[in-house]
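Asks: Any chance you could fold what I've pasted below:
(one chain, ligands or ions: 3)
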Amino acid sequence: MERKLASVVMIDDLQPIPGADLIVVATVKGWKLVVKKEEFRIGDFAVYCEIDAFLPEKPEFEFLRKSSFRTMGEQNGFRLKTMKLRGQISQGLLLPASVLNGYDYTLGEDVSARLGIVKYEPPVPASLAGMAKGSFPSFIPKTDEERIQNLSAEYEAYKKETFYVTEKLDGSSATFYYRDGDFGVCSRNLDLLETANNTFWEIAHQLELPAKLAALGKNIALQGELIGEGIQGNPYGIKDQTIRFFNAFDIDTYAYLPLPALREMTGQLGLELVPVLDSAFTLPDTVDQLLLAAEGTSLLSPAGKQVEREGLVVRSADKRISFKVISNKFLLNEQ
Ligand code: ATP
Ligand code: MN
Ligand code: MN
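Replies: Residues are numbered from 1 along each chain as shown. Ligands and ions are numbered 1, 2, ... in the order given. All right, here's what the predicted structure looks like:
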């Protein structure tokens, strides 16, 4: 599931911002963003660029230079971040459909490539990058989570469901698997070679995962968040590194274990789960209310410090439904 960083949308709503004459707030799916007052009308088609979009240095995007210029590796461009304007959260950018130069688009179409837009990726330290043994194994799903703002069409139906909620930790995705006698370690997108100073492999040995997974006697993957020194600025002030697990995946039946079974398995193996905040959660009335609920103090805050959590991951018991709700407070502090 690739992120649609720029796609054709319909503008769902436009509302005034108290005290502002020249700008209004637009709603696109579950996203809110500030636009110029007369630029769009409700029902217009437009191109919506999500936060983390990295736009090329083209004349039509020059207006972003002052607020958004960044370099990513060798590339210069404009990175879209969460902002607050006149007290209003603003996430992403709306461009008039004319930016597509008469291209015959369809609603929902991903137009990132057409506009030269890619995802902004911060630099990754060598200890986390590693060397690829191969691409991410096809027999395990990746750990990606969709953002609730892109699921607004499903939100009403989701209100009938019961979810469990865990704290979303700000680290690096890690997958450990045992399959037909082979033990493997993966980062978010790669199966990793065991190389010197690779943090994922080091932690695997430290937690004795090769032996622990083999002892389970079945083909299994454990997935969690690597946190600590050298990772995302170590917001939790952890000494060295550790893993907090959030998935156990049965490779042979191609199914996730439900939370109680995950809890039992990690408990047995002496491993830790991500913090579980609620095991019988129902959704509030609106996406905006859920976004407010995502704000709060991390349960991993170091003593005497209140760290804003990254957000929540909300899941149905069978993981049929699963999404992330990132705290806007967290995003506003992001560099
Ligand atoms: P994006 O392109 O959406 O920014 P990303 O790779 O930066 O993608 P994240 O925003 O970090 O991904 O969201 C998904 C990741 O969240 C998962 O890959 C997983 O590593 C991480 N994660 C942290 N805490 C949890 C949790 N409690 N449950 C599930 N995943 C979690
Ligand atoms: Mn991200
Ligand atoms: Mn992350």
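
Asks: May I have the strands that pair with the one helix or strand Ala46 maps to, each with its orientation?
Replies: Element membership for Ala46 (DSSP states H and E) is strand 45-49. Strand partners for strand 45-49, identified by DSSP bridges, are recorded as strand 6-10 (antiparallel), strand 93-96 (antiparallel).

Asks: Flag every buried residue along the next helix or strand after it.
Replies: Downstream of strand 45-49, the next assigned helix or strand under DSSP H and E is strand 53-56. Within strand 53-56, the residues scored as buried using 16 or more other Cβ atoms under 10 Å are Ala53, Phe54, Leu55. For glycine as for every other residue, the C-beta is placed from the backbone atoms N, C-alpha and C.

Asks: Let me know the closest of the residues you listed to ligand 1.
Replies: Closest to ligand 1 out of the buried residues of strand 53-56 is Ala53 (10.4 Å), distances taken as Cβ to the nearest ligand atom.

Asks: got a list of what the closest one touches?
Replies: Ala53 sits next to Leu5, Ala6, Arg79, Leu80, Gly92, Leu93, Ser112, Ile117, Val118, Lys119, Tyr120 when contact means Cβ atoms under 8 Å, 6 or more residues apart in numbering.

Asks: what's the spacing between the third one and Val28?
Replies: Applying Cβ to Cβ, to the nearest Å, one obtains 19 Å for the distance of Arg79 from Val28.

Asks: ok, these two, which is more surrounded?
Replies: Neighbours were counted for Arg79 and for Val28 using other Cβ atoms under 10 Å; Val28 has more, 23 against 19.

Asks: my read: the more buried one touches Ser7, true?
Replies: No - counting by Cβ atoms under 8 Å, Val28 sits too far from Ser7 to count as a contact (9.6 Å).

Asks: Just the mean pLDDT for the helix or strand encompassing Leu292, thanks.
Replies: Assigned by DSSP H and E, Leu292 belongs to helix 287-294. Throughout helix 287-294, pLDDT has a mean value of 98.

Asks: now that helix, how far from the centre of its chain.
Replies: 16 Å (Cα atoms, centre = their mean, to the nearest Å).

Asks: Show me what it is packed against.
Replies: strand 311-316, strand 322-326 (3 or more Cβ pairs under 8 Å, 6 or more residues apart in numbering; DSSP states H and E).

Asks: Could you say which of those is packed most deeply?
Replies: Comparing the helices and strands packed on helix 287-294 by mean neighbour count (mean count of other Cβ atoms under 10 Å), strand 311-316 ranks first with a mean of 23.

Asks: Run the angle between that strand and helix 287-294 for me.
Replies: Orientation of strand 311-316 against helix 287-294 (axes from the mean of the first three to the mean of the last three Cα atoms, to 10 degrees) gives an angle of 120 degrees.

Asks: Now do strand 311-316: distance to the chain's middle.
Replies: The answer for strand 311-316 is 11 Å, by Cα atoms, centre = their mean.

Asks: strand partners of that strand, parallel vs antiparallel please.
Replies: strand 163-168 (antiparallel), strand 322-326 (antiparallel).

Asks: circling back to that earlier point, spit out the residues that contact Val28 and Ser7 alike.
Replies: In contact with both Val28 and Ser7: Tyr48, using Cβ under 8 Å, 6+ apart.

Asks: Mind giving me the packing neighbours of whichever strand or helix holds Val24?
Replies: Here Val24, judged by DSSP H and E, is contained in strand 23-28. Helices and strands touching strand 23-28, as assessed by 3+ Cβ pairs under 8 Å, 6+ apart, comprise strand 13-16, strand 31-36.

Asks: Now do the spatially most central residue of the chain against ligand 1, distance only.
Replies: Nearest to the geometric centre of the chain sits Glu145, at 5.8 Å (Cα atoms, centre = their mean). The spacing between Glu145 and ligand 1, counted by Cβ to the nearest ligand atom, to the nearest Å, is 4 Å.

Asks: In the sheet, which strands lie alongside whatever helix or strand Ala174 lives in, parallel or antiparallel?
Replies: Assigning secondary structure by DSSP H and E places Ala174 in strand 172-179. Within its sheet, strand 172-179 is paired with strand 182-186 (antiparallel), strand 220-228 (antiparallel), according to DSSP bridges.

Asks: got the ones you listed as CSV, with distance to ligand 1, mean pLDDT and mean neighbour count columns?
Replies: Below are these laid out as CSV (distance: least, Cβ to the nearest ligand atom, whole Å; pLDDT from 0 to 100; neighbours: other Cβ atoms under 10 Å):
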stretch, distance to ligand 1, mean pLDDT, mean neighbour count
strand 182-186, 11, 98, 19
strand 220-228, 4, 98, 22
